[in-house]
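In: sequence? don't have it. structure:
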């Protein structure tokens, strides 16, 4: 009886240890939009929606295996950061799917099922955002998104490769969907490896100042298909555990990313603004933005409309006057206090190398 009891006690202790040390199960939540689809007014004053539906997939990974189990160390902030992004996107007309802590198979499945479900309609606008660890293989120069159960490649390369998702695979997925506009964002170390080379900044074309010029641009050139990628840092850059990329992304959607202050922010404007602005707060972090190298998927421009802004001429309603400064002045006007106050009260930029761990 003593031996049996000891054996059973051993199995119970092992089960408890495994349950405490194992990564949590993936959590998926869907949230409905709180605002309308972006629209544009024609010369007759009639409003035309730019999309039929908008869908966002926001993935955060925080509950990693940990160093003691030969995995990656946990990231405390990613879940909260993606929750803030979700709240920022819903007023823009996005139906948001929040995925937290996926394992290797689950990460790939979450992305593929999302694209298969919502990427079939050409009148859809899609946004995919990953926040977690990233890794670049120095020998192959391949970049990877790291799920919860991936092992440290320096300790077990096979255990890492069997779980991690190659970033370049998303380019293939981006080509296969029919949605007119799709943007993929990565707030992870080495995520800039999705760009084979750093080219000139991808700039949005001028949409003019008048109602008619804006209408022609948003329903013409911008309405062509596009697949855009925005990475929070370059192929060789290690990013801070507490994101600067996320709060600046949210600031840009609020109107700061618009070059002309007309109540719209395009995807290419967003990428350019992040490239120019983030290094002011962290000179060691340089976002990358670009479109896929497929001509028929590169000329369009995804459109965000600032909630509450109703463009009727040169100056829309509901936007602060500072948005109409020149791009240089507008960028400089965003102080560290702005980042501290909106949207994260506790956000502090730390420059010490030890603070970089994403």
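Out: Arrived safely. Just so you know, these numbers come straight off a predicted model, no measurement behind them.

In: Tell me which residues are up against the helix or strand containing residue 265.
Out: Assigned by DSSP states H and E, residue 265 belongs to strand 264-266. Identification of contacts with strand 264-266 by CB atoms under 8 Å, 6 or more residues apart in numbering yields 38, 204, 207, 214, 218, 222, 252-253, 255, 257-258, 301-306, 311. C-beta here means a position set from N, CA and C on the backbone, and glycine is covered the same way.

In: Under the pLDDT cut-off, which ranges of the stretch 151-300 of the chain? List them.
Out: 190-203 (pLDDT under 70).

In: and with 50 instead?
Out: The model of the stretch 151-300 of the chain has pLDDT under 50 over residues 196-201.

In: which residue ranges form the strands in it?
Out: Assigned by DSSP state E, counting those that start in this stretch, the strands in the stretch 151-300 of the chain fall at 165-166, 181-187, 226-231, 264-266, 288-291.

In: want to try JSON lines for those, with distance to residue 245 as columns?
Out: As requested, the strands of the stretch 151-300 of the chain are arranged in JSON lines below (distance: least, CB to CB, whole Å):
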{"stretch": "strand 165-166", "distance to residue 245": "19"}
{"stretch": "strand 181-187", "distance to residue 245": "5"}
{"stretch": "strand 226-231", "distance to residue 245": "9"}
{"stretch": "strand 264-266", "distance to residue 245": "16"}
{"stretch": "strand 288-291", "distance to residue 245": "11"}
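
In: one step back: given the strand holding residue 265, what are its sheet partners and their directions?
Out: Next to strand 264-266 in the sheet, as set by DSSP bridges, lie strand 303-305 (antiparallel).

In: Other residues contacting the strand it pairs with?
Out: 38-39, 50, 92, 125, 181, 218, 222, 253, 263-267, 270.

In: cutoff 6 Å now
Out: The contact list for strand 303-305 (CB atoms under 6 Å, 6 or more residues apart in numbering) reads 38, 50, 92, 222, 253, 264, 265, 266.

In: Next, give me the two most distant ones among these.
Out: 222 and 253 (16.7 Å; CB to CB).

In: quick one: which of the two has more around it?
Out: Legend: neighbour count by other CB atoms under 10 Å for residue 222 and residue 253, higher for residue 222 (26 against 21).

In: Test my guess that the more buried one contacts residue 301.
Out: Yes. Between residue 222 and residue 301 there is a contact under CB atoms under 6 Å: 4.2 Å.

In: Residue 114 sits in which helix or strand?
Out: Per DSSP H and E, residue 114 falls inside helix 104-118.

In: what inclination does that helix have with respect to strand 181-187?
Out: Between helix 104-118 and strand 181-187, the angle comes out at 160 degrees (axes from the mean of the first three to the mean of the last three CA atoms, to 10 degrees).
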